[in-house]
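1. Quick check, what structure comes out for this input:
(one chain, ligands or ions: 1)
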Amino acid sequence: MIINTELEQKGNLFPGKIVSFSQHVDTLNFTTENGVILQVTILRGSVIRFRYATDNNFEKDFSYAISETGARGYSMLKVDETDTEYTITTSKISICIAKANIHVTIRDTTGNIICQDDWGFHWEQSYEYGGNIVKMSKSAPQGECYYGLGDKPMHLNLKGKRVENWATDQYAFGKDQDPLYKSVPFYIGMYEERAYGIFFDNTFKTFFDFCHERRNVTSFWAQGGEMNYYFFYGPNMQDVVTRYTDLTGKPELPPLWALGYHQCKWSYYPEKKVKEVTHKFRELRIPCDAIYLDIDYMDGFRCFTWNKEYFPDPKRMVTELAEDGFKTVVIIDPGIKIDDEYSVYQEAMENDYFCKRADGPYMRGKVWPGECFFPDFTNPKVREWWAGLFKEIIDEIGVKGVWNDMNEPAVMEVPGKTFPDDVRHSYDGNYCSHRKAHNIYGTQMARATYEGVKRFAYPKRPFIITRSAYSGAQRYTSSWTGDNVATWEHLWIANIQAQRMSMSGMSFTGSDIGGFAEHPTGELYARWIQLGVFHPFCRTHSSGDHGNQEPWTFGEEVVDVTRKYVELRYQLLPYLYTMFWEYAEAGIPMLKSLVLYDQEDLQTHYRTDEFIFGNQILVCPIQEPNAKGRRMYIPKGYWYNYWTRAYVKGGKEQWVDADLDIIPLFIKEGAIIPKYPIQQYVGEKRIEELKLEAYYKLGNKEVSKVYEDAQDGYDYVKGRYSLRSFSFTGKENEVIIQQHKDGSYITEYETMQIELIGLPFKINEIEIDNVVVSFESVGFDAKNNILTVPKSFTELHIIAK
Ligand code: GLC
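-> The predicted structure is shown next:
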């Protein structure tokens with residue numbers, strides 16, 4: 001109580017005693033004597049929403065982040081009352097609410113405390129103390145770890161850190177710099193290997209403090225809006241992420257080409273230069289699927305126009321690039337040049353689509369084109385209009401993807417680098433100031449872009465990439481990590497950001513390979529491409545200020561390294577696409593930090609460098625110059641070194657050799673890794689055969705999946721996909737591979753080539769579906785243990801005898 005009095009003197013207000021309780025189906029309201037209402041909604045047995053109102057009043061309920069398609073429903077809901085507390089019980093957790101102060105304690109079914117209020121909800125509302133601030137503080141037992149929060153460029157485990165969410169254009173940001181471009185107010189807490197998550201769905205500037213201010217307290221607060229958070233129970237960390245992703249939405253499958261390699265620079269122009277670059281890729285046989293046009297393709301940086309001097313006939317150029325397998329992606333920024341002669345400007349003016357200041361005038365700011373106005377993307381009419389603007393670029397010219405940048409929104413030469421707080425927004429009819437709309441602006445721009453590109457690309461799939469994002473943006477767009485720098489430290493940052501974005505529900509992310517600002521050495525570029533091919537989004541980009549960053553600018557050795565790794569990415573496309581399908585289908589993060597992969601192993605809680613690509617490939621970048629290898633932690637279990645095929649036992653740190661052309665890669669035993677032939681771009685070749693690399697494991701079955709479909713379009717939604725499940729069972733003298741197939745898509749290939757790796761015996765007999773077959777009929781290569789079988793087999797026995 002003393003604490004409360006002191007804090008109260010500092011302007012904090014605290015809820016009093018509960019005076020009434022009511023329940024309406026899944027929603028429970030607890031009202032206190034001083035007009036606080038805690039509303040608890042049971043979305044699922046393990047997903048609970050907590051909402052607090054002061055002055056007996058909730059504002060209209062509205063969120064851009066929550067997806068309408070998420071799973072809802074629970075099997076059990078019971079409320080008990082004693083003299084001192086209410087207890088809400090679901091099938092997964094119990095939530096105690098203290099009558100004295102509405103403090104919340106969440107326990108698992110065996111009574112372990114998962115998450116407990118410290119001071120709980122409190123708030124400030126006096127103008128002297130800064131107005132409306134809503135706060136929450138939770139007890140943080142010693143040993144609790146914290147993860148998540150989007151693009152923070154700091155240690156994966158956020159324990160001891162205090163971070164802020166306010167989308168910011170942070171050119172050449174540094175390690176630990178905060179905030180950056182994205183605002184993802186979601187974190188995962190884990191204590192004694194039990195994980196839970198908290199998503200504070202508040203678009204105002206938010207703060208999270210993980211035992212930084214007070215040792216045993218974690219708190220979060222916002223400079224406005226409601227204390228409104230969702231709690232996700234694990235206890236498995238991956239389940240926390242999938243539940244969060246289910247709530248805030250999953251992406252559709254991208255076109256497969258979007259998982260290829262992309263090449264970008266600020267800027268490739270004129271047309272001749274673009275063609276030189278694309279030709280060089282083909283000449284050097286470095287696979288590439290996408291080429292980007294940065295701002296200089298436009299006429300005076302006016303969005304939706306072309307500089308006809310540099311690009312006299314965009315449609316012809318885009319068509320020619322397409323004939324060579326290149327998809328053209330163009331940048332579109334939010335700033336619309338103030339120019340009476342410019343149709344986009346005129347239309348927006350006629351319809352009053354631009355953001356305004358509090359006292360009436362338009363929000364004016366300088367960006368690339370000079371003085372601009374900015375569409376209010378939080379207005380549904382503006383989004384609809386914006387979507388329509390893509391007709392020419394997509395439908396007529398044939399551009400395949402759109403890149404949204406500067407959408408924090410960035411404004412040049414002003415303090416704060418963005419709109420002033422007083423700018424007004426529609427917020428879909430919930431009129432508000434920029435304080436509330438700032439963090440969501442970029443997502444609403446990407447959403448409008450997605451709707452437009454999707455409309456005009458149909459029946460093909462759209463591809464969008466954004467720099468700024470708020471929770472839920474993954475439904476519409478991929479993202480990149482912004483203006484990084486060509487330094488070794490930034491390679492470390494890129495690795496962390498990609499992992500963190502994955503565990504924050506936004507797997508489809510990558511960094512500017514090689515670094516955006518400054519210029520990498522060939523060695524740094526080589527190490528970066530080795531990591532970049534294992535990020536869901538894979539693009540080289542640079543500011544172009546300090547020299548070129550195409551692979552060939554670094555000489556032959558780097559070209560060879562680049563080719564080797566980009567080729568590997570293209571071979572692994574069916575594996576990568578299956579990872580994406582698991583993400584799109586179930587919200588499973590594509591990259592799994594070691595803690596997410598094996599939270600029971602304490603060694604993983606503070607590791608940052610190693611991660612699992614999908615489910616079965618362990619990757620660990622080389623992050624220093626002149627390295628011949630490195631020490632790394634190999635998670636528990638048995639693994640195969642991908643390069644040497646050596647069989648290694650995990651659960652300890654060990655040295656791994658890695659000359660310039662090697663990045664440490666390990667395959668989980670029992671895995672069956674699918675590969676396509678190398679192609680220069682997606683769809684270049686008919687896939688004649690699926691290759692399966694099967695890594696021997698003794699004992700328990702290991703299941704591997706391969707998802708395939710038409711690689712673009714929406715037929716998969718109607719069941720036209722092919723999902724193969726392979727299970728590997730290894731005995732001392734026999735291997736059994738079983739296959740189960742779902743979906744009605746017929747893959748082009750008729751056969752599968754299987755390579756058995758690490759087999760402890762010599763093969764003497766092969767049976768397909770219980771029939772012994774001759775070695776010739778399966779083209780058996782005894783030296784390498786390779787055989788070719790019909791794709792439709794259901795059970796394969798490989799026997800020593
Ligand atoms: C911003 C972007 C960068 C882009 C540049 C020019 O700095 O982050 O990727 O190349 O603007 O459009």
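
2. switch to C-alpha atoms for all contacts and neighbour counts from now on
-> Will do.

3. can you list the residues of the stretch 601-750 of the chain near the ligand?
-> If contacts are counted using CA under 6 Å from any ligand atom, no residue of the stretch 601-750 of the chain sits beside the ligand.

4. hang on, I meant the chain
-> Contact residues (CA under 6 Å from any ligand atom) of the chain with the ligand: Trp266, Asp294, Ile295, Asp405, Gly482, Asp483, Ser543.

5. measure the fifth one to Asp294 for me?
-> Look at Gly482 and Asp294: by CA to CA, to the nearest Å, they are 14 Å apart.

6. For the two, indicate the residue with more neighbours.
-> Neighbours per residue, other CA atoms under 10 Å: of Gly482 and Asp294, the larger number sits with Gly482, 26 against 21.

7. tell me the contacts of the more buried one?
-> Counting by CA atoms under 8 Å, 6 or more residues apart in numbering, Gly482 makes contact with Gln170, Tyr171, Tyr181, Arg467, Ser511, Asp512.

8. secondary structure class for it?
-> Here Gly482 is coil, with the state taken from DSSP: H, G, I helix; E, B strand; the rest coil.

9. And it, what's its pLDDT?
-> Looking at Gly482, its pLDDT is 98.

10. The stretch 251-400 of the chain: strands as residue ranges?
-> Along the stretch 251-400 of the chain, the segments classed as strands by DSSP state E, counting those that start in this stretch run 262-263, 290-293, 327-332, 336-337, 365-367, 370-373.

11. Include mean pLDDT and mean neighbour count when you put those strands into JSON lines, please.
-> Below are these laid out as JSON lines (pLDDT from 0 to 100; neighbours: other CA atoms under 10 Å):
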{"stretch": "strand 262-263", "mean pLDDT": "98", "mean neighbour count": "24"}
{"stretch": "strand 290-293", "mean pLDDT": "98", "mean neighbour count": "24"}
{"stretch": "strand 327-332", "mean pLDDT": "98", "mean neighbour count": "24"}
{"stretch": "strand 336-337", "mean pLDDT": "98", "mean neighbour count": "26"}
{"stretch": "strand 365-367", "mean pLDDT": "98", "mean neighbour count": "20"}
{"stretch": "strand 370-373", "mean pLDDT": "98", "mean neighbour count": "20"}
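
12. Relative to Thr41, which of these is closest?
-> With CA to CA, the closest approach to Thr41 among the strands of the stretch 251-400 of the chain belongs to strand 327-332: 39.8 Å.

13. Partner strands of that closest one and their direction?
-> Strand pairing for strand 327-332, using DSSP bridges, gives strand 290-293 (parallel), strand 401-404 (parallel).

14. quick one, which of those strands is nearest to Val453?
-> When these are compared by CA to CA, strand 401-404 sits nearest Val453, at 7.4 Å.

15. after the closest one comes which helix or strand?
-> Going down the chain from strand 401-404, the next helix or strand is strand 424-425, by DSSP states H and E.

16. quick check: mean pLDDT across that following strand?
-> Strand 424-425 comes out at a mean pLDDT of 98.

17. now stretch 701-719
-> For stretch 701-719, mean pLDDT is 98.

18. Repeat that for stretch 735-746.
-> Regarding stretch 735-746, the rounded mean pLDDT is 98.

19. And stretch 136-143, by the same measure?
-> The pLDDT scores in stretch 136-143 average 97.

20. count of residues packed around Thr449?
-> Counted with other CA under 10 Å, residues neighbouring Thr449 total 32.

21. Tell me the pLDDT of the residue nearest to it when sequence neighbours are not counted.
-> Distance criterion CA to CA, 6 or more residues apart in numbering; nearest residue to Thr449, sequence neighbours excluded, is Ala387 at 5.6 Å. Looking at Ala387, its pLDDT is 98.

22. How about the contacts made by Ala387?
-> Counting by CA under 8 Å, 6+ apart, Ala387 touches Ala448, Thr449, Tyr450, Glu451, Gly452, Val453.

23. change it to 6 Å
-> Counting by CA atoms under 6 Å, 6 or more residues apart in numbering, Ala387 touches Ala448, Thr449, Glu451, Gly452.

24. Give the other helices and strands that whichever strand or helix holds the first one contacts.
-> Looking back up the chat, that one is Ala448. Following DSSP H and E, one finds Ala448 within helix 434-457. If contacts are counted by 3 or more CA pairs under 6 Å, 6 or more residues apart in numbering; DSSP states H and E, helix 434-457 sits against helix 380-388, strand 469-470.

25. how's this protein carved up into domains?
-> According to automatic domain parsing, the chain comprises the domains 2-234, 256-586, 591-668, 686-799.

26. mind checking the end-to-end distance for the second one?
-> For domain 256-586, the first-to-last residue distance is 19 Å (CA to CA).

27. give me every residue that touches Ser255.
-> Let me fix one detail, which is that residue 255 is Pro and not Ser. With CA under 6 Å, 6+ apart, Pro255 has these contacts: Arg461, Gln711, Asp712.

28. try Phe50
-> By CA under 6 Å, 6+ apart, Phe50 lies in contact with Gln39, Val40, Asn228, Tyr229.

29. Tell me how far it lies from Tyr230.
-> Going from Phe50 to Tyr230 by CA to CA gives 6 Å.

30. Sketch out the low-pLDDT regions of this structure for me.
-> Along the chain, segments meeting pLDDT under 70 span 1-7, 9, 129-130.

31. Mind doing that once more with 50?
-> Counting by pLDDT under 50, the chain contains low-confidence ranges at 1-2.

32. Name the single longest strand found in it.
-> The strand that spans the most residues within the chain, counting by DSSP state E, is strand 113-124.

33. Sort out which residues of that strand are buried, please.
-> By neighbour count on 16 or more other CA atoms under 10 Å, the buried set for strand 113-124 is Ile113, Ile114, Cys115, Gln116, Asp117, Asp118, Trp119, Gly120, Phe121, His122, Trp123, Glu124.

34. same question, stretch 246-259
-> Within stretch 246-259, the residues scored as buried using 16+ other CA under 10 Å are 246-259.

35. do stretch 24-31 as well
-> Buried-residue list, stretch 24-31, by 16+ other CA under 10 Å: Leu28, Asn29, Phe30, Thr31.

36. Please narrow those to those residing in strands.
-> Of those, the ones assigned to strands by DSSP E are Leu28, Asn29, Phe30, Thr31.

37. quick one: contacts for the closest residue to the first one other than its chain neighbours?
-> Closest residue in space to Leu28, ignoring its immediate chain neighbours: Val40 at 5.1 Å, by CA to CA, 6+ apart. Residues counted as contacts of Val40 (CA under 6 Å, 6+ apart) are Thr27, Leu28, Arg49, Phe50.

38. Next, the angle from the helix or strand hosting Val40 to strand 27-32.
-> Taking DSSP H and E as the criterion, Val40 maps to strand 37-44. For strand 37-44 against strand 27-32, the angle by axes from the mean of the first three to the mean of the last three CA atoms, to 10 degrees is 160 degrees.

39. and strand 37-44 with strand 113-124, angle?
-> Here the directions of strand 37-44 and strand 113-124 differ by 140 degrees (the same axes, to 10 degrees).

40. Beyond strand 37-44, next helix or strand please.
-> Downstream of strand 37-44 (by DSSP H and E), the next one is strand 47-53.

41. List the neighbouring strands of that following strand plus their orientation.
-> Here strand 47-53 has these sheet partners by DSSP bridges: strand 37-44 (antiparallel), strand 227-233 (antiparallel).

42. would you list those in CSV and tack on distance to Lys649?
-> Shown next, in CSV, are the strands paired with strand 47-53 (distance: least, CA to CA, whole Å):
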stretch, distance to Lys649
strand 37-44, 39
strand 227-233, 32
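
43. Among the ones you listed, which comes closest to Met579?
-> Here strand 227-233 is closest among the strands paired with strand 47-53 (CA to CA), at 23.1 Å.
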